[in-house]
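Novice: Got a sequence here, can you model it:
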Amino acid sequence: MSTPAILPEELSALLGPGAVLTEPADLEKYETGWRYGKGKALLVARPASTAQVVQVLAFCREHGLRLLAQGANTGLVGASVPDASGRMVVLSLERLNRRLELDELDRTVTVDAGVLLSALNQALAEHRLTFPVDLPADPQIGGMIAANTGGARLLRYGDVRRNLLGVEVVLADGTVVDALTALRKNNTGLDFKQLFTGTSGVFGIITGAVLQVAPLPRQRATALVGLQDGAAALALLQALEHGLSELLAAYEMMSADALAPVFSGPSPLRNPFGATLAPYTVLVELASTLPETALHLPDLLESALAEHLETHGDDITDVVMGRPDEFWALRHHISESLRDLGKVLAFDVAVPRSRLPAFTAAVKAWLKAEHPCFRVCDFGHWGDGGTHLNLVWREQDSPIPAAELVPMVQQRIYDIAVREFAGSYSAEHGVGPHNQASFDAYTSGAQKAAGAALKATLDPGGMLGTVRLW
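Specialist: Residues are numbered from 1 along each chain as shown. Okay, the predicted model is just below:
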C-alpha cells in the first residue's frame with residue numbers, strides 16, 4: 001500500500017493535471033459546510049467523466065480509503081463535508097458538468113451531476129423552460145438529488161423526487177448503472193433511482209440524471225398579505241386553493257420577528273407596508289404560461305384577495321401588490337438579517353399544515369417557560385407544511401452554556417414536532433451528521449433494517465459518505 005504522501009501523485013497520474021488538490025488553502029472550501037460541519041480531507045479528487053469517477057473509486061478501494069461525494073457544498077446538515085479523520089477523499093463533481101442535452105418535445109433534459117442549477121436554468125430559459133425546484137442557493141444537480149431538494153415552489157411543482165426520471169450511478173465496486181430513462185410512466189417494480197434520492201450519497205455516486213422540466217411562466221403576480229395569526233394564514237391559503245389552485249405557485253409565511261430585521265439591519269430593504277408589521281405576513285405568488293391578454297394575474301389575485309377580505313376582514317391587516325423580484329428579495333433576505341442579531345439556532349421541520357399554528361404556539365410556550373433567552377423568528381413554506389423555526393439568542397443571556405443548551409433545545413423541539421405533532425425533524429434539508437441523532441431516535445426499526453440491507457448490497461465495505469441511514 002502506498003504511503004499517504006505519494007497517494008496524490010498516483011491519483012494525479014490517473015486523472016490528469018489540476019484534478020487533485022492537496023494544499024490546505026485549496027481544501028478549505030471543500031472541508032467547511034455551508035451552515036454546519038467542518039472536516040479534514042486527505043485530498044480532493046475532481047474527475048471530469050463517469051469513467052474517471054470509476055477510477056477514483058478503484059483507487060480508494062485499493063488503498064483502503066473512504067470517500068465522500070460532494071456537489072456545490074450548499075447542504076445545511078453537514079452531509080457534504082468529510083469527517084475529521086484526515087483520511088477521507090472528497091470526490092468533487094464540479095468538473096463533471098459538460099452534458100446538458102434537452103429534448104424539447106419530451107420536455108426532459110439529461111445532465112451531468114456537476115451541472116449547476118443556475119447553468120441548467122440559463123440554458124433552459126432559451127427554450128422557455130425551467131427546472132422549477134427553486135431556492136436561493138446554487139447547488140449542483142447531483143447534490144440536489146442526494147438531498148431531495150424542496151424549495152419555495154414545492155407547492156406547485158413538487159420536490160426533486162417528483163421531477164426525477166432517471167439516473168446514472170456509480171456503485172462502490174465501480175459498477176456503472178445506466179438508468180437514464182426519460183419515461184414518465186414505468187411501472188415495472190422497484191424504482192431504482194429513488195434509492196439514491198434523499199439518501200446523502202451513501203448508496204452510490206450519482207453522475208448523471210434525466211429531469212422533467214416545466215414551461216417557464218410568462219407572467220407572475222405577487223402580493224404580501226398581513227394577517228393577525230396563523231389560523232388566518234391557513235384560512236387564506238384554503239380560500240386561494242379553492243379559487244385559484246392551478247395558478248398558485250407559492251405561499252410563504254414570515255412572522256413579524258423574522259421579517260422586521262430585513263427592514264432594520266445593516267443593509268435594510270424597503271418596507272412595502274410603511275407601517276407596523278402584522279404578526280404574520282404571507283407572500284402569495286400566482287404563475288401562468290398564458291399571456292396577459294388571455295389571463296391577467298394581478299387582477300385575478302387582487303380580486304381573490306378582495307373577496308376574502310369581505311368575509312375575513314378582521315383577520316387581515318394589510319394587502320400590498322408588487323413586483324415578484326422585490327417581494328422575493330424580502331423572503332430570501334431573512335436568514336442573512338437574523339445573523340446580524342446574534343446566534344441563530346435553525347430548525348427545518350414540517351408538520352401537517354393544519355397543525356402549524358398549534359405547533360408554533362407549543363414551541364413558543366415551552367421556550368418562554370424554560371429558555372426565554374430565545375427569540376422565535378419563524379418563516380417558511382406554510383403551503384406545504386414546512387417551517388423554518390430560527391431561534392435567535394445571545395450566549396450571555398443564557399444561564400446555561402451553549403454546549404449544553406443547544407442539544408437540549410434541539411431535542412425538545414424535535415420531540416414536539418415528531419412525537420406530538422406527527423411531523424418531521426428534516427422537512428427539506430435531508431439527513432447529515434448535524435441531525436444524525438434525530439434519525440437514530442425517530443426512525444422505525446423496519447426502515448433502518450431496509451437501509452442496512454441496501455448498504456450491505458450497494459456498499460458492503462462502507463466506503464461512501466458520512467451518514468448512517470440504518
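
Novice: Quick check: closest non-adjacent residue to Gly142.
Specialist: Counting by C-beta to C-beta, 6 or more residues apart in numbering, Ala113 is the residue found nearest to Gly142 once chain neighbours are left out, at 2.9 Å. For the C-beta atoms, the positions are set from N, CA and C on the backbone; glycine is no exception.

Novice: can I assume the one you found is in contact with Gly204?
Specialist: No - shown here, Ala113 and Gly204 do not form a contact pair, counting by C-beta atoms under 8 Å, at 11.3 Å.

Novice: tell me the SS of Ala69?
Specialist: Reducing the assignment at Ala69 to three states with DSSP: H, G, I helix; E, B strand; the rest coil gives strand.

Novice: So it sits against Leu91, correct?
Specialist: Yes - taking contacts as C-beta under 8 Å, Ala69 lies within contact range of Leu91: 5.0 Å.

Novice: List the residues that are in contact with both of the two.
Specialist: Contact criterion C-beta atoms under 8 Å, 6 or more residues apart in numbering; residues bridging Ala69 and Leu91 by contacting each: Ile205.

Novice: For the stretch 301-450 of the chain, which segments count as strands?
Specialist: Listed in chain order, the strands of the stretch 301-450 of the chain (DSSP state E, counting those that start in this stretch) span 316-322, 343-350, 375-380, 386-393.

Novice: Okay, angle between the second one and strand 375-380 too, please.
Specialist: Going back to what we said before, that points to strand 343-350. Interaxial angle, strand 343-350 versus strand 375-380 (axes from the mean of the first three to the mean of the last three C-alpha atoms, to 10 degrees): 40 degrees.

Novice: Show me the contact partners of strand 343-350.
Specialist: Applying C-beta under 8 Å, 6+ apart, the set of residues contacting strand 343-350 from outside is 35, 76, 335, 338, 374, 384-395, 402, 406, 409-410, 413-414, 417, 423-429.

Novice: mind redoing it with 7 Å?
Specialist: Applying C-beta atoms under 7 Å, 6 or more residues apart in numbering, the external contacts of strand 343-350 come out as 338, 385-395, 406, 409, 413, 417, 423-429.

Novice: same question, stretch 206-217
Specialist: Residues lying outside stretch 206-217 but in contact with it, judged by C-beta under 7 Å, 6+ apart, are 50, 53, 96, 99, 107-113, 124-125, 128-132, 141-142, 145-146, 157, 163-170, 180-182, 184, 196, 287-289.

Novice: any idea how this structure splits into domains?
Specialist: Dividing the chain into domains by automatic domain parsing, as the record does, gives the ranges 7-92, 100-215, 219-334, 342-439.

Novice: need these in TSV with distance to Thr457 and mean pLDDT, can you?
Specialist: Formatted as TSV, the entries for these read as follows, by distance: least, C-beta to C-beta, whole Å; pLDDT from 0 to 100:
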stretch	distance to Thr457	mean pLDDT
domain 7-92	16	95
domain 100-215	9	97
domain 219-334	39	96
domain 342-439	19	96
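
Novice: Reformat the ones you listed as TSV; add distance to Leu454 and mean neighbour count.
Specialist: TSV is the format used below for the domains of the chain (distance: least, C-beta to C-beta, whole Å; neighbours: other C-beta atoms under 10 Å):
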stretch	distance to Leu454	mean neighbour count
domain 7-92	16	19
domain 100-215	6	19
domain 219-334	34	17
domain 342-439	14	18
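
Novice: which residues sit in contact with the nearest residue to Phe421 once chain neighbours are set aside?
Specialist: Sequence neighbours aside, Val351 is the residue nearest to Phe421 in space, at 4.3 Å (criterion: C-beta to C-beta, 6+ apart). Listed by C-beta under 7 Å, 6+ apart, the contact set of Val351 reads Phe359, Gly385, Ala417, Phe421, Ala422, Gly423.

Novice: can you do 6 Å?
Specialist: When contacts are counted by C-beta atoms under 6 Å, 6 or more residues apart in numbering, Val351 touches Phe359, Ala417, Phe421, Gly423.
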